[in-house]
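Please find the sequence and the predicted model below.
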Amino acid sequence: YVIKKGPVSIDDAVTAVRRIYRNQFVKILIVDDSQTARAQLRYLLSGYRFQILEAADGTDALRVLQEHPDVKLSIIDYNMPNMNGCDLVEEIRLNYSRQNMAIIGISGQGSSLLSTEYIKLGANDFLNKPFLKEEIYCRVTQNLEMLDHIEMLEDALITDHLTGLKNRRYLFERGAIIHNEAKSSGYSCVCAMLDIDKFKQVNDSKGHGAGDIVLKETATILKKRFGEHGVVARFGGDEFCIVMLCEDVEWAKDQFEDLRAEIEGHIIKHFAGPISITTSIGLTAALTDSLENSISIADECLYKSKVMGRNKVTV
Ligand code: GH3
């Protein structure tokens, strides 16, 4: 059960829903002080390829969650020693939002009051015991499907659809954190702006589709080189931005010079003929008040690269 981190398309959405129906090893935690009740629930959910974890009370459940922070759904009984189901839900919600984990409250003495209490304290759903196999399966599936949809939407919000890189929104959110970390850690915040040279000519001579392929291939090169080091985002159009923490600024400068050379030497295959491009890059590692200031300095450097004839890195 691995949520794909990348551009979200209709196909992705369909695959995700299918994944839910296949129930690929989603971790489910059953919390009930009765071993028989736990065994019964395990039996009801058997055959669906869930990975079932068990806990005998609230404390045990919190321990299991520490060991398995990727639990996607918890089914929590109400009557338990020390900590009742509602108290446990409240405790779990300190660390897990409704978007991260679904909780289904269960009870043998269910009432509207109890189900309301459960949901007010953070449960997503409530079921009275005993329940049918189909009933528990439907509720579990529906809640997991909701989580999957939320995750896909969250992914789509921060992803550039064409290139699969992070978008501008994510750049400013995550980049600001990186920028602040630089201030407190003593590392440098390296900020680079990259623009494809005369990109419009690619569109005009080979078509918009060819332009899209150029953007995608440039993105792939950028991600391969810097994806593990920081944020690589499409800033807009044919402009990209990279923000990362760096101990050795000289290393960063070399990396961007290598990048420029790599892109220059890269041949993009296209049915209308091979395409070669160059890029202009502006780079700064100056200590600034904000990410916006760093970006605007990098942008000025990029402008200098353009004015000096393109296919250059300016620091
Ligand atoms: P310069 O070297 O001076 O930067 O020239 P340029 O042609 O790269 O600059 P300009 O900003 O004039 O052109 C950018 C073009 O990028 C214009 C726009 O139509 C195109 N563009 C923006 N977004 C996309 C996209 O998603 N796909 C394609 N194919 N083209 C895009």
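Right, received. Where do you want to start?

alpha carbons only for contacts and neighbour counts from here, please
OK.

Now the longest helix along the chain: average pLDDT?
Longest helix of the chain, by residue count under DSSP state H: helix 133-158. Helix 133-158 comes out with an average pLDDT of 91.

buried ones in it?
136-137, 139-141, 143-145, 147-148, 151-152, 155-158 (16 or more other Cα atoms under 10 Å).

Over to stretch 279-291?
T279, S280, I281, G282, L283, T284, A285, A286, L287, T288, L291.

which residues touch it?
Here stretch 279-291 makes contact (Cα atoms under 8 Å, 6 or more residues apart in numbering) with 172, 175-176, 179, 183, 188-197, 249, 253, 256, 260, 263-264, 294, 297-306, 310-315.

Which strand or helix spans E54?
strand 51-55 (DSSP states H and E).

Can you list the strands that that strand pairs with?
According to DSSP bridges, strand 51-55 has the following sheet partners: strand 27-31 (parallel).

how far does whichever helix or strand comes after the partner strand sit from the chain's center?
Proceeding N to C from strand 27-31, the next assigned helix or strand is helix 35-44, under DSSP H and E. Distance, stretch centre to chain centre, for helix 35-44: 34 Å (Cα atoms, centre = their mean, to the nearest Å).

Tell me which residues of helix 35-44 come out buried.
A37, R38, L41, R42, L44.

same check, this time on stretch 260-279
Buried-residue list, stretch 260-279, by 16+ other Cα under 10 Å: R260, I263, H266, I268, I275, I277, T278, T279.

Now, the contacts of stretch 279-291 that are in strands?
With DSSP state E as the criterion, strands contain S188, C189, V190, C191, A192, M193, L194, D195, I196, V313, T314 from among the contacts of stretch 279-291.

helix, strand or coil for the residue of the chain most remote from its centre?
Distance from the centre of the chain peaks at Q109, with 39.9 Å (Cα atoms, centre = their mean). Q109 falls in the coil class when you classify it by DSSP: H, G, I helix; E, B strand; the rest coil.

Name the nearest residue to it, sequence neighbours excluded.
Nearest residue to Q109, sequence neighbours excluded (Cα to Cα, 6 or more residues apart in numbering): N128, at 7.3 Å.

quick one: that neighbour from D77, how far?
The gap separating N128 from D77 is 10 Å, by Cα to Cα, to the nearest Å.

quick one: common contacting residues for those two?
With Cα under 8 Å, 6+ apart, N128 and D77 have common neighbours I106, S107.

who has more neighbours, the two?
Comparing N128 with D77 by other Cα atoms under 10 Å, the one with more neighbours is D77, at 29 against 14.

isn't the more buried one right next to D32, touching?
Yes - between D77 and D32 there is a contact under Cα atoms under 8 Å: 5.2 Å.

which residues does H179 contact?
C189, L245, S290, L291.

which regions of the chain sit below the pLDDT cut-off?
The model of the chain has pLDDT under 70 over residues 1-24.

the helices in it, which residues?
Using DSSP H, helices in the chain cover 10-22, 35-44, 58-67, 85-92, 112-120, 133-158, 168-185, 199-206, 208-226, 249-265, 291-307.

Using a markdown table, lay out those helices together with distance to A102.
Shown next, in a markdown table, are the helices of the chain (distance: least, Cα to Cα, whole Å):
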| stretch | distance to A102 |
| --- | --- |
| helix 10-22 | 14 |
| helix 35-44 | 17 |
| helix 58-67 | 13 |
| helix 85-92 | 10 |
| helix 112-120 | 11 |
| helix 133-158 | 6 |
| helix 168-185 | 26 |
| helix 199-206 | 47 |
| helix 208-226 | 33 |
| helix 249-265 | 43 |
| helix 291-307 | 36 |
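
Kindly report the residues of the chain close to the ligand.
For the chain, the residues in contact with the ligand (Cα under 6 Å from any ligand atom) are 196-201, 203, 208-209, 211-212, 237-238.

thinking again about what came up before, does the residue farthest from the centre of the chain touch P130 like I think?
No - counting by Cα under 8 Å, Q109 sits too far from P130 to count as a contact (10.1 Å).

Convert the C-alpha atoms of stretch 41-51 to PDB, please.
Provided in PDB are the C-alpha atoms of stretch 41-51 (Å, rounded to 0.1, in the frame of the first residue of the first chain):
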ATOM      1  CA  LEU A  41     -12.600  -9.100  14.100                       C
ATOM      2  CA  ARG A  42      -9.400 -10.600  12.800                       C
ATOM      3  CA  TYR A  43     -11.500 -13.400  11.300                       C
ATOM      4  CA  LEU A  44     -14.000 -11.000   9.800                       C
ATOM      5  CA  LEU A  45     -11.200  -9.100   8.100                       C
ATOM      6  CA  SER A  46      -9.300 -12.100   7.100                       C
ATOM      7  CA  GLY A  47      -8.900 -12.900   3.400                       C
ATOM      8  CA  TYR A  48      -8.700  -9.200   2.500                       C
ATOM      9  CA  ARG A  49      -4.900  -8.900   2.700                       C
ATOM     10  CA  PHE A  50      -4.900  -6.400   5.500                       C
ATOM     11  CA  GLN A  51      -2.100  -6.600   8.000                       C
END
